[in-house]
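> Below is the structure, and that's it, no one-letter string:
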């Protein structure tokens, strides 16, 4: 799908190598203090899982999923925390850090003096963002298995799904970062991200909301991610998970297309 949307932006001959060079630059620039940032980003969904999934879950009891299966509240919340963790990891790299490199460090202007093209910078940065998202996802899946919230086989199926979620939100983050103009705009991004976190079927099923609001919840990108991972985690996956995959693939393709074109306009003047 990406190749259909980006036929004129990307020629894949040599693109992978040049994109990888962008990722390698980020690895080379890694500092020891960065691991503190990684750990803090991982701890947030884990704390939510224990405080709300386990703590509040003791008061809520069991929930009945749309397919009729009854699950514990922690089992219901954990896949949503995993999806939110993948989203947070990807957006952290492709919004704040990406914006700083592009607008203030002017890092990409130097890269464009080489054969590297704007879309290849976007692909390289997306791959770097996914390295962070994959670390979050793998660690959280281990916790879910140890707590008995899913099985090892289901966790293996959930891992590529979380990678898709990270890629989709990473592409979206880069597209947004090419549009915003100042650091103050990140307040809007943070507010939008927190709204998604609260109202994407994360802690309550969308059926708990009024009909109109339920439609908005089910159309949100994080809900599609939560629905995909929850279906795999609870072994209730069906045709709706195919819709989730197509939705996230479309978000990935559109996000990359917008990011590539906008970077070309901003940097190639």
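Thanks, I have it. No experiment lies behind these values; they were computed from the predicted model shown.
> from here on, contacts and neighbour counts on C-alpha atoms
Noted.
> Spatially, what comes nearest to residue 237 if we skip its sequence neighbours?
Among residues not flanking residue 237 along the chain, residue 231 sits closest, at 4.3 Å (CA to CA, 6 or more residues apart in numbering).
> Helices of the protein, residue ranges please.
Under the criterion DSSP state H, the chain contains helices at 2-5, 15-28, 34-48, 57-60, 73-92, 98-99, 107-111, 118-146, 152-177, 186-198, 211-219, 221-233, 239-267.
> Flag every buried residue along the fourth one.
Residues of helix 57-60 classed as buried by neighbour count (16 or more other CA atoms under 10 Å): residue 57.
> Identify all contacting residues around it.
Helix 57-60 is contacted from outside by 72, 73, 74, using CA atoms under 8 Å, 6 or more residues apart in numbering.
> burial count for the spatially closest residue to the first one that is not a sequence neighbour?
So that's residue 72. In this structure, residue 72 finds its nearest non-sequential neighbour in residue 62, 4.4 Å apart by CA to CA, 6+ apart. As a burial measure, residue 62 scores 15 neighbours (other CA atoms under 10 Å).
> So, low pLDDT: which residues of this structure?
1-13, 28-42, 267-269 (pLDDT under 70).
> Now do residue 207 against residue 198, distance only.
15 Å (CA to CA, to the nearest Å).
> actually residue 64, not the one I typed
20 Å.
> and what of residue 265?
Counting by CA to CA, the gap from residue 265 to residue 198 is 35 Å.
> which one of the contacts of helix 57-60 is nearest residue 249?
residue 74 (28.4 Å; CA to CA).
> surely the closest one meets residue 149?
Yes: at 7.2 Å, residue 74 and residue 149 qualify as touching, with contact defined as CA atoms under 8 Å.
> List the contacts of the residue nearest to residue 263 when sequence neighbours are not counted.
Leaving aside its sequence neighbours, residue 263 sits nearest to residue 118 (CA to CA, 6+ apart; 5.8 Å). Taking CA under 8 Å, 6+ apart as the criterion, residue 118 is in contact with 112, 260, 261, 263, 264, 267.
> cool, and residue 173?
90, 91, 94, 95, 255.
> ok, now how distant is it from residue 255?
Taken as CA to CA, the span from residue 173 to residue 255 is 8 Å.
> Check residue 228 too.
According to CA to CA, residue 228 stands 20 Å off from residue 255.
> got it, and residue 189?
For residue 189, the distance to residue 255 - CA to CA - is 15 Å.
> So if I had to pick from the two, which one is more boxed in?
residue 255 (23 against 18).
> looking at it, that one is touching residue 175, isn't it?
Yes: if you go by CA under 8 Å, residue 255 and residue 175 touch, sitting 5.4 Å apart.
> what about residue 65, neighbour count?
For residue 65, the count of nearby residues is 14 (other CA under 10 Å).
> hmm, back to that, now rank the contacts of residue 173 by neighbours and give me the top one.
Neighbour counts for the contacts of residue 173 (other CA under 10 Å) peak at residue 90, which has 32 neighbours.
> Surely it touches residue 133?
Yes: with contact defined as CA under 8 Å, residue 90 counts as touching residue 133 (5.7 Å).
> what's the overlap in contacts for these two?
By CA under 8 Å, 6+ apart, the residues touching both residue 90 and residue 133 are residue 166.
> give me every residue that touches residue 176.
Taking CA under 8 Å, 6+ apart, we find residue 176 in contact with 95, 259.
> Okay, it and residue 238: tell me how far apart.
Using CA to CA, residue 176 is found at 32 Å from residue 238.
> Quickly list what residue 71 is bridged to.
residue 63 (DSSP bridges).
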